[in-house]
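In: Prediction below, plus the sequence it came from.
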Amino acid sequence: MANDFDLVVIGAGSGGVRAARMAAGHGARVAIIEERFFGGTCVNVGCVPKKLFAYGAGFANEFQLAADYGYTVDGWSFDWATLRDNKTREIARLNGIYRRLLDNAGVTVFEGHGRIEGPGRVSVDGDRQLSAGHILIATGGKPFVPEFPGNERVRISDDLFYLDKLPDTVAVVGGGYIASEFASILNGLGVTVHQLYRRELFLRGFDHDVRVFVAEQMGAHGVKLHFNTDVASVQERDGRQVLNLTGGGELVVDEVFYATGRVPRLDGLLADGVSLDTGDNGAVRVDDQLRTSMDGVYALGDVTDRLQLTPVALAEGTWLAAWLFAKDKPQGPVDYRDVPTAVFCQPNIGTVGLTEEQALERHATVRVYRGRFRPMRYTLGDIQEKTLVKLIVDDASDRVVGLHMAGEEAAEITQGFAVAIRMGATKADFDATLGIHPSSAEEFVTLRQGETVSR
Ligand SMILES: Cc1cc2nc3c(=O)[nH]c(=O)nc-3n(C[C@H](O)[C@H](O)[C@H](O)COP(=O)(O)OP(=O)(O)OC[C@H]3O[C@@H](n4cnc5c(N)ncnc54)[C@H](O)[C@@H]3O)c2cc1C
Ligand SMILES: NC(=O)c1ccc[n+]([C@@H]2O[C@H](COP(=O)([O-])OP(=O)(O)OC[C@H]3O[C@@H](n4cnc5c(N)ncnc54)[C@H](O)[C@@H]3O)[C@@H](O)[C@H]2O)c1
């Protein structure tokens, strides 16, 4: 007997929606199951509301700058409820768009909990049974909070987007993307922010110079950074949160936000007796064709815990739909080389390719070019905002193997350079490219004094 659907997708986030729409476009009969919100993490409690808040957090700086340009900007104030509710309205609009995209693509939408009952069998809310030629797990991730006394008192990233009231003082625990972005956002909105990170320097995995520079700049913006600091317990005192620190001492704040990583979301996904190979943190293991250990079941995006980025989930969704259903199959697997990324902390970080540390693992000798400057926009007044640009070049081939920026518009600028890096641009190509003057981006093509570093 024919299956109900050629493909049943569980989870309508970035990767699931993309795979479902594209598969339907290739002529497959597709169903998608979503239990919480269309568009998933990115649209609802991730990239989009985060970026809107980051824009919101930048205005205090702009008002100060406007005064340097002769504007009178006395008496401005900020209303949290307006920002929060305008954001929520926009997210509701996007939810509708995601839902309509699926409907218009001819995808059958089920609202409820998806569960794999066995090979080729999926249920919706435990009752409606669907048979499927292929099943795709695109269930994303969820915040991870470590075990310690009082951890039920802390908030996670989802909560920030719906706070009733903006607290006066917060602790943000973690040193990755979310903690650094949230610390900058809250600081920009006028909250006193303590960011706690358990090791020596946050933003592990990014280029060391960038990490040092961002720590210095975030500190200058007012974020109180506490490195080599971890939390033993949290308790309430007089309506406030008291963090007992592992090294001794305490920190008293109004709210505690934990951003200590995300783990794959597999809650109730597999019926009794159904199992899949998973990694240490529960991530669904896949091969380079996104196949899981169960025949006909695929997985992509955050649930596989590789690169937790929306464009990666989108690329995987596009690839899988074509791989399974297109007349012209992709030539090879998804290409994860030189994935550009940005952290929307203040200053923003943009990066593509290797850090200096990674470059030295692969190449015997590299040339490192650094530039540090005050963007022209800030030169009329007292704002001491700085920008860092850095290129890492493999000395043997002259190829630019890493490009890093921390400063205004780092994400916008890095995206364009990422194309050049992927195409194998050399330092000579950068040198031969004329700058756009005056701009910050031109610094990347005018770096001349390199430092040679060997392993
Ligand atoms: C605060 C924050 C900020 C971020 N900012 C950025 C950014 O700026 N740039 C960037 O590239 N990435 C960012 N990310 C990461 C990005 O959001 C994720 O990489 C991306 O959403 C992953 O897509 P996905 O399809 O794998 O999963 P998700 O988007 O998480 O979608 C999974 C969906 O599956 C649903 N689901 C789960 N289980 C079931 C079930 N059993 N039945 C039915 N439905 C189910 C969930 O409700 C959800 O809608 C951010 C993440 C967070 C948390
Ligand atoms: N701008 C973006 O593209 C963007 C923004 C936000 C999130 N994301 C994605 O979402 C993922 C999750 O973000 P995240 O910031 O939660 O994770 P992360 O992996 O970036 O950072 C987690 C941080 O928590 C710390 N940590 C882990 N366990 C801890 C513990 N037990 N105690 C104290 N500290 C601990 C880690 O050392 C690290 O600093 C990111 O990896 C990223 O891929 C992307």
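Out: Perfect, I can see it now. Residues are numbered from 1 along each chain as shown. Ligands and ions are numbered 1, 2, ... in the order given.
In: Look up phi and psi at the spatially most central residue of the chain.
Out: When C-alpha atoms, centre = their mean is applied to the chain, the residue found nearest the centroid is Leu309 (5.2 Å). When read as degrees, to the nearest 10, the backbone of Leu309 gives phi -140, psi 140.
In: From Val334, how far off is the residue of the stretch 301-450 of the chain found nearest ligand 1?
Out: Residue nearest to ligand 1 within the stretch 301-450 of the chain: Gly301 (2.1 Å; C-beta to the nearest ligand atom). Glycine gets a C-beta too; all of them are placed from N, C-alpha and C. According to C-beta to C-beta, to the nearest Å, Gly301 and Val334 sit 11 Å apart.
In: okay, those two: which has more neighbours?
Out: When Gly301 and Val334 are compared for neighbours, Gly301 comes out ahead with 35 against 18, by other C-beta atoms under 10 Å.
In: Now do the same for the more buried one: its pLDDT.
Out: According to the prediction, Gly301 has pLDDT 98.
In: I figured it hits Ala138, correct?
Out: Yes: using C-beta atoms under 8 Å, Gly301 makes contact with Ala138 at a distance of 5.4 Å.
In: can you list residues touching both of the two?
Out: Shared contacts of Gly301 and Ala138 (C-beta atoms under 8 Å, 6 or more residues apart in numbering): 11, 13, 15-16, 313, 317.
In: now, which of those lie close to ligand 1?
Out: The residues of the shared contacts of Gly301 and Ala138 that also fall near ligand 1, by C-beta under 6 Å from any ligand atom, are 11, 13, 15-16, 313.
In: of the residues you listed, closest to Gly114?
Out: Gly11 (7.3 Å; C-beta to C-beta).
In: so who does that closest one touch?
Out: Gly11 sits in contact with 32-34, 40, 114, 137-140, 301, 303, where contact means C-beta under 8 Å, 6+ apart.
In: ok, now which ones touch the nearest residue to Gly222 once chain neighbours are set aside?
Out: Closest residue to Gly222 in three dimensions, ignoring its sequence neighbours and counting by C-beta to C-beta, 6 or more residues apart in numbering: Asn187, at 5.4 Å. Taking C-beta under 8 Å, 6+ apart, we find Asn187 in contact with 57, 193, 218, 221-223, 346.
In: Closest residue of this protein to ligand 2?
Out: Gly176 (1.9 Å).
In: give me the number of residues near the residue nearest to Leu300 when sequence neighbours are not counted?
Out: Nearest residue to Leu300 in three dimensions, chain neighbours excluded: Glu316, at 3.8 Å (C-beta to C-beta, 6+ apart). A count of nearby residues for Glu316, using other C-beta under 10 Å, gives 28.
In: on that earlier part again, what's the overlap in contacts for Gly301 and Val334?
Out: Among the neighbours of Gly301, those also in contact with Val334 (C-beta under 8 Å, 6+ apart) are Glu316.
In: Determine the set of other helices and strands touching whichever helix or strand Ala81 is part of.
Out: Counting by DSSP states H and E, the element that carries Ala81 is helix 80-104. On a contact count with 3 or more C-beta pairs under 8 Å, 6 or more residues apart in numbering; DSSP states H and E, helix 80-104 meets helix 14-25, helix 40-45, helix 47-57, strand 108-111.
In: rerun that using 10 Å as the cut-off
Out: Helices and strands touching helix 80-104, by 3 or more C-beta pairs under 10 Å, 6 or more residues apart in numbering; DSSP states H and E, are helix 14-25, strand 30-34, helix 40-45, helix 47-57, strand 108-111.
In: If you count neighbours, what's buried in the shortest one?
Out: Spelled out, it's strand 108-111. Across strand 108-111, burial judged by 16 or more other C-beta atoms under 10 Å covers 108, 110.
In: Contact partners for Ala54?
Out: Ala54 makes contact with 181-182, 184-185, 188, 344-346, 348, according to C-beta atoms under 10 Å, 6 or more residues apart in numbering.
In: Is the closest residue to Phe148 other than its chain neighbours in a helix, a strand, or coil?
Out: The shortest distance from Phe148 to any non-neighbouring residue, by C-beta to C-beta, 6+ apart, is to Ser233 (5.6 Å). Three-state assignment for Ser233 (DSSP: H, G, I helix; E, B strand; the rest coil): strand.
In: now, among the contacts of Asn187, which is nearest to Asp431?
Out: Once C-beta to C-beta is applied, the member of the contacts of Asn187 that ends up nearest Asp431 is Gln346, at 31.3 Å.
In: Contact partners for the closest one?
Out: 54, 57-58, 61, 180-181, 183-185, 187-188, 214, 217-218, 221-223, 385, 406, 408.
In: Phi, psi for it please.
Out: phi -120, psi 100.
In: ranges for the strands of the stretch 51-200 of the chain?
Out: Counting by DSSP state E, counting those that start in this stretch, the stretch 51-200 of the chain has strands at residues 108-111, 114-118, 121-124, 128-137, 141-143, 169-173, 192-196.
In: what distance separates the start and the end of stretch 2-18?
Out: 25 Å (C-alpha to C-alpha, to the nearest Å).
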